[in-house]
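Participant: below is the sequence, then the predicted model.
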Amino acid sequence: MRTDMVPSGHGATITVFCRGYPGPLKASASTVAYVITEPCIGTKDAACVEVCPVDCIHTDDNAPQYYINPDECIDCGACEPVCPVSAIFPEDAVPEEWNHFVESNSGFYKN
Ligand code: SF4
Ligand code: SF4
């Protein structure tokens, strides 16, 4: 399978070419796909940043953790297994006690 990524404004479009399918499949993401939660606080080692294909994980010196930009995340899942403290979840699988991190991830990008 081959993938091509084309930046488009605030988000990104990923074009996927599948064997046995005559043309590319296109998908755009505009909502939070993956979310970084509490265990990142105090770790913040940027392992996820290294693997993100669309460079949508950021922080700053004053922030306690990294955050995923919900307008740019393409839901690829590459970041989840590399996190040493299991801080990253798909939005629909965030543990209930950490649900507020959905808002804090998107909120980081509204400042
Ligand atoms: S799911 Fe993929 S695109 Fe989204 S933050 Fe993780 S590595 Fe980046
Ligand atoms: S890999 Fe995990 S702990 Fe490291 S910066 Fe990313 S979310 Fe935080």
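Facilitator: Perfect, thanks for sending it. Ligands and ions are numbered 1, 2, ... in the order given.

Participant: use CA for all of it now, contacts and neighbours both
Facilitator: OK.

Participant: just the helices in this structure please.
Facilitator: 47-51, 100-108 (DSSP state H).

Participant: closest one to ligand 2 among those helices?
Facilitator: helix 47-51 (4.2 Å; C-alpha to the nearest ligand atom).

Participant: so what touches the closest one?
Facilitator: Asp55, Cys56, Ile57, His58, Ala78, Cys79, Glu80, Val82, Cys83 (C-alpha atoms under 8 Å, 6 or more residues apart in numbering).

Participant: what are the buried residues along that helix?
Facilitator: Using 16 or more other C-alpha atoms under 10 Å as the test for burial, helix 47-51 gives Cys48, Val49.

Participant: and the helices of the chain as CSV, adding mean pLDDT?
Facilitator: Supplementary listing: the helices of the chain in CSV, determined by pLDDT from 0 to 100:
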stretch, mean pLDDT
helix 47-51, 98
helix 100-108, 96
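
Participant: and the chain, which residues reach ligand 2?
Facilitator: 36, 40, 43-48, 66, 82-85, 87-88 (C-alpha under 6 Å from any ligand atom).

Participant: so which of those sit within strands?
Facilitator: Counting by DSSP state E, these place Ile36, Ile88 in strands.

Participant: top of the residues of the chain next to ligand 2 by neighbour count?
Facilitator: Ile36 (28 neighbours; other C-alpha atoms under 10 Å).

Participant: where does pLDDT dip in the chain?
Facilitator: Low-confidence segments of the chain, defined by pLDDT under 70: 1-32, 111.

Participant: returning to that earlier point: and which of the contacts of helix 47-51 is nearest to Val94?
Facilitator: Val94 has its nearest neighbour among the contacts of helix 47-51 in Glu80, at 12.0 Å by C-alpha to C-alpha.
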